[in-house]
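S.K.: just need the structure, nothing else, for what follows:
(one chain, ligands or ions: 1)
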Amino acid sequence: MIDPSELNTRSEALRDEIVGHRRALHARPELAWKEIETSRYIEEKLRALGCVNVKRGFKGTGSGVVADIVGGAGPLVALRADIDALPLTEETGLPFASAVPGTMHACGHDGHAAMLLGAAKLLTEMKERLSGSVRLIFQPAEESGYDSGAEAMIAEGVLEGVAAIGGLHLWSPLPSGKLGWRRGACMASADIWKATVRGKGGHGSAPQETIDPTVAIAHIITMLQTIASRETDPRESVVVSIGRVEAGTAPNIIPESALLVGNVRTTSRRARETVEERIRGIIGGVSAALRCATTVQYDRVYPVNVNDDAALDALRAAAEAALGAENVEEMPIVMGSEDFSSYGEKVPSAFAMLGVGDAAKGTDRPHHSPRFDIDEDVLCRGAAVLAGFALTVMERAQR
Ligand code: NI
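M.R.: Numbering: from 1, shown residues only. Here you go, the predicted model:
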């Protein structure tokens, strides 16, 4: 058994090194699937630590790194950090601000990579004492939505042999040094749909000779409101939003077709199925009743992020050791989404939010803001939480 206070002392000693990683990555942000220099940087550090099975480059790109730390007999525990930046011009004025115009680490993924490099060092140093092995996953393209880095890495086998996976997201709405966890679903799913409703266009003065798709979409828009109110369990959160409506060109023309584009958030795998089925049913049914034809394109973007109970307990135990039990608290579900959820569809997973919000340090600004910043004092403790998670899963497997 490894004493948690040892992990804390050693992670404190790595403070400057971890902050250095964060600043180096922060200054050179790269967008989804273009994290080449970022991945090279990470690869070099992992090789220097003596990690094995190092692979850089996924989906035919040079982005993404996976590596193992092989200890004694026991489970293989994966730790994941996402590494991509956002298309945003930084306005923090920090000395290590982005040197790349129009690109910024505005979600904290630079900190995620730095914490995981820190955890890699902590775990490497105690390799001889590990009752299991660790897989480090530095994942590209979390922000890209349609082109998920998690999906690509899973397809290329990063979860093979993995017993459990853990991850953290730095979180500015939560005070610095606190960890927010949630049992079961912790983040919503995100899906996008697009419906084209086709009628028969004609003169605005002769509706009897046309089939008007605008009337059909008006009914569809109101009928879709019944999904959240009538079709799904009121104890679960469901959002069905219509973000774009398009029909027609002139006051005296009944258009040929109309377009609706929307998004869906759900907080259970079951609700996600129900909502898709009902959206298709309502659009098809209402259109048919009004003699219109439809096509619906429904794209599943990210699944619900669901924590496994045992994995979450291990993450909480690691967080209590690293941050103090008083700083580890239950939090409400986050209606945003994350492709970490794709790992959780395959293996037991635990994901939690690590607070970096401190008004005095200017780190309480919203994620994806051009003035977003993180409290760097939290990073070494985050590294201890990640390393502690791997150790706790290994230790519990021995019982
Ligand atoms: Ni993020």
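
S.K.: what about Ser341, which SS state?
M.R.: In terms of secondary structure, Ser341 is helix; the call rests on DSSP: H, G, I helix; E, B strand; the rest coil.

S.K.: ok, it - contacts?
M.R.: Contact criterion CB atoms under 8 Å, 6 or more residues apart in numbering gives 150, 187, 189, 302-306 as the residues in contact with Ser341. Where you see a C-beta, it was placed from the backbone N, CA and C, and this is true even at glycine.

S.K.: in helices only, show me those.
M.R.: Within the contacts of Ser341, membership in helices is found for Ala150, as judged by DSSP state H.

S.K.: CSV for the contacts of Ser341, including distance to Pro175, pLDDT and neighbour count?
M.R.: Converted to CSV, those look like this (distance: CB to CB, whole Å; pLDDT from 0 to 100; neighbours: other CB atoms under 10 Å):
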residue, distance to Pro175, pLDDT, neighbour count
Ala150, 28, 97, 28
Met187, 20, 97, 26
Ser189, 28, 96, 25
Tyr302, 27, 94, 23
Pro303, 29, 95, 24
Val304, 26, 96, 25
Asn305, 22, 97, 29
Val306, 26, 97, 22
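
S.K.: can you tell me which of the contacts of Ser341 is nearest Gly285?
M.R.: Ser189 (23.9 Å; CB to CB).

S.K.: pretty sure that closest one contacts Arg270?
M.R.: No - the criterion here is CB atoms under 8 Å, and Ser189 misses it with Arg270 at 11.1 Å.

S.K.: distance check, Pro87 against Glu395.
M.R.: Computed as CB to CB, to the nearest Å, the Pro87 to Glu395 distance reads 42 Å.

S.K.: between these two, which one's more packed in?
M.R.: Taking other CB atoms under 10 Å, Pro87 and Glu395 do not tie; Glu395 has more neighbours (17 against 12).

S.K.: just the element for Phe96, please.
M.R.: When elements are assigned from DSSP states H and E, Phe96 belongs to no helix and no strand.

S.K.: also Thr61?
M.R.: With secondary structure defined by DSSP H and E, Thr61 is part of neither a helix nor a strand.

S.K.: repeat for Asp68
M.R.: Assigned by DSSP H and E, Asp68 belongs to strand 65-69.

S.K.: chain center to that strand, what's the gap?
M.R.: 20 Å (CA atoms, centre = their mean, to the nearest Å).

S.K.: after that strand, next one along is what?
M.R.: Moving toward the C-terminus from strand 65-69, the next helix or strand (DSSP H and E) is strand 76-82.

S.K.: report the backbone C-alpha coordinates of stretch 151-163 in PDB.
M.R.: Presented in PDB, the C-alpha positions along stretch 151-163 are these (Å, rounded to 0.1, in the frame of the first residue of the first chain):
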ATOM      1  CA  GLU A 151     -13.900   7.500 -30.700                       C
ATOM      2  CA  ALA A 152     -10.800   7.400 -33.000                       C
ATOM      3  CA  MET A 153      -8.500   6.200 -30.200                       C
ATOM      4  CA  ILE A 154     -11.000   3.600 -29.000                       C
ATOM      5  CA  ALA A 155     -11.200   2.300 -32.600                       C
ATOM      6  CA  GLU A 156      -7.400   2.000 -32.600                       C
ATOM      7  CA  GLY A 157      -7.400  -0.100 -29.500                       C
ATOM      8  CA  VAL A 158      -6.400   2.100 -26.600                       C
ATOM      9  CA  LEU A 159      -9.000   0.500 -24.300                       C
ATOM     10  CA  GLU A 160      -7.800  -3.100 -24.900                       C
ATOM     11  CA  GLY A 161      -7.200  -4.700 -21.500                       C
ATOM     12  CA  VAL A 162      -8.200  -1.700 -19.600                       C
ATOM     13  CA  ALA A 163     -10.000  -2.400 -16.300                       C
END
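
S.K.: ok, Trp40 - contacts?
M.R.: Slight slip there: residue 40 is Arg, not Trp. By CB under 8 Å, 6+ apart, Arg40 lies in contact with 56, 62.

S.K.: residues contacting the lowest-mean-pLDDT helix or strand in the chain, please?
M.R.: In the chain, no helix or strand scores lower on mean pLDDT, DSSP states H and E than helix 4-13, which sits at a mean of 93. With contacts defined as CB under 8 Å, 6+ apart, helix 4-13 is touched by 118, 122, 125, 318, 321-322, 380-381, 383-384, 387-388, 391.
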